[in-house]
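Engineer: Return atomic coordinates for the entry below.
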Amino acid sequence: MARGGRLRQDRPRLKLWAISDLHVGHRDNRRVVEELPAHPQDWLILGGDMGEKLDHLGFVLEAVAPKFARLIWVPGNHELWAVRGEPAGEERYQAMVALCRLYGALTPEDPFPVFEGHLLAPLFTLYDYSFAPEGMDAEAAVAWAREERLICADEGLLHPDPYPTRQAWCEARCAYSERRLEEALAAHPGPTVLVDHFPLLEELARLPRIPRFKIWCGTKRTRDWPRRFRAAVVVYGHLHIPGTRVVGGVRYEEVSLGYPQQWQWNRSSGPFLRLVLPGPSAPVTPG
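Structural biologist: Prediction:
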């Protein structure tokens, strides 16, 4: 019993929610964002691909910022597309970081916060074509995908300026992220939640109808990050195949909404938010 004879009431446990790939250039997806339920005490991860324009990101931030105590954002590949009249490459990314800060949203450039004992690390790593068969360079990997009539729009729209290639930008981002994680973990002894738009493991980049698209889905450089950086949960999107898996004792949450034709057939009324902490919001599929 607390002082004064009053019963002690435990603080309600906060929840960490996540969603990605909102693609609000589509009208139906904008409606989903506008109708997301409010959780004013909880935090929300925005896992990339809010849209293709700075205005798309601004629309999402404007809609959801009043509904949550804190937002965490990472960029997707669509957000990095060079849109006419808007900046490209690193300049574009920094413009999005600045926009997020106007709404109090944390980004991969901000200090990592702690949520319910977990170090929460938003990351931006991109991809480097290393999910291709062994021995292929980027040019060969793209040719391999073209054999199945596959090409990612990134090839014409995602400019890496000032880096010479997307894989060079990926290398720089991975090195930067590793340094920041090592420094943060030196001061934080607990578990982590790693957040990236792209899956950190190649085996998670499974696209049954277009398997060779995986070359645009991540990098082998992040293979050991979940173990090395004490991840309890890894949050990602990009695949438009939401679900929960466990690999090597780590829970992986793919949290994407996707395009209207992808979500309307089985989730037309939601739920669209996925619960990251304190636990999974759907049955777990072993890796």
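Engineer: got the buried residues for stretch 95-105?
Structural biologist: Of all the residues in stretch 95-105, those buried under the rule 16 or more other CB atoms under 10 Å are 96-97, 99-100, 103, 105. From N, CA and C alone the C-beta is placed, and that goes for glycine too.
Engineer: right, I mislabeled it, should have said stretch 178-190
Structural biologist: For stretch 178-190, by 16+ other CB under 10 Å, it's 178, 180-181, 184-185, 188.
Engineer: Among the residues you listed, which lie within helices?
Structural biologist: 178, 180-181, 184-185 (DSSP state H).
Engineer: any chance you could map the strands in the chain?
Structural biologist: Using DSSP state E, the strands found in the chain span residues 16-19, 39-46, 68-73, 114-115, 118-122, 192-195, 231-236, 243-247, 250-254, 274-277, 284-286.
Engineer: Ranked by average pLDDT, which of those falls at the bottom?
Structural biologist: Mean pLDDT per stretch puts strand 284-286 lowest among these, at a mean of 49.
Engineer: Tell me where the model's unsure across the chain.
Structural biologist: For the chain, applying pLDDT under 70 flags the ranges 1-11, 265-270, 280-287.
Engineer: how much space between residue 201 and residue 75?
Structural biologist: Using CB to CB, to the nearest Å, residue 201 is found at 20 Å from residue 75.
Engineer: Mind checking which of those two has more residues around it?
Structural biologist: residue 75 (26 against 22; other CB atoms under 10 Å).
Engineer: how far does stretch 142-154 stretch from start to finish?
Structural biologist: 11 Å (CA to CA, to the nearest Å).
Engineer: 59 is where my numbering starts, stick with that
Structural biologist: Sounds good: first residue 59 from here, last item stretch 200-212.
Engineer: contact partners of it?
Structural biologist: 135, 138-139, 187, 190-191, 194, 213, 224, 268, 270-271, 273-274 (CB atoms under 8 Å, 6 or more residues apart in numbering).
Engineer: want to throw those into a markdown table with neighbour count and distance to residue 117?
Structural biologist: Listed next are the contacts of stretch 200-212 as a markdown table, based on neighbours: other CB atoms under 10 Å; distance: CB to CB, whole Å:
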| residue | neighbour count | distance to residue 117 |
| --- | --- | --- |
| 135 | 22 | 19 |
| 138 | 26 | 17 |
| 139 | 19 | 16 |
| 187 | 25 | 32 |
| 190 | 21 | 35 |
| 191 | 10 | 40 |
| 194 | 16 | 39 |
| 213 | 11 | 27 |
| 224 | 22 | 26 |
| 268 | 11 | 29 |
| 270 | 19 | 33 |
| 271 | 17 | 27 |
| 273 | 23 | 31 |
| 274 | 25 | 25 |
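Engineer: Of the strands of the chain, which is nearest residue 117?
Structural biologist: Closest of the strands of the chain to residue 117 is strand 97-104, at 11.8 Å (criterion: CB to CB).
Engineer: Any idea how many residues pack against the closest residue in space to residue 84 that isn't next to it in sequence?
Structural biologist: Spatial nearest neighbour of residue 84, excluding adjacent residues (CB to CB, 6 or more residues apart in numbering): residue 318 at 5.4 Å. Residue 318 is flanked by 16 other residues according to other CB under 10 Å.
Engineer: just to revisit the earlier point, quickly name whichever of the contacts of stretch 200-212 is closest to residue 333.
Structural biologist: Nearest member of the contacts of stretch 200-212 to residue 333, counting by CB to CB, is residue 135, at 25.5 Å.
Engineer: Assess the claim that residue 101 and residue 123 are in contact.
Structural biologist: No: under the criterion of CB atoms under 8 Å, residue 101 makes no contact with residue 123, lying 11.8 Å away.
Engineer: And the two? Which one has more around it.
Structural biologist: More crowded of residue 101 and residue 123, by other CB under 10 Å: residue 101, with 22 against 16.
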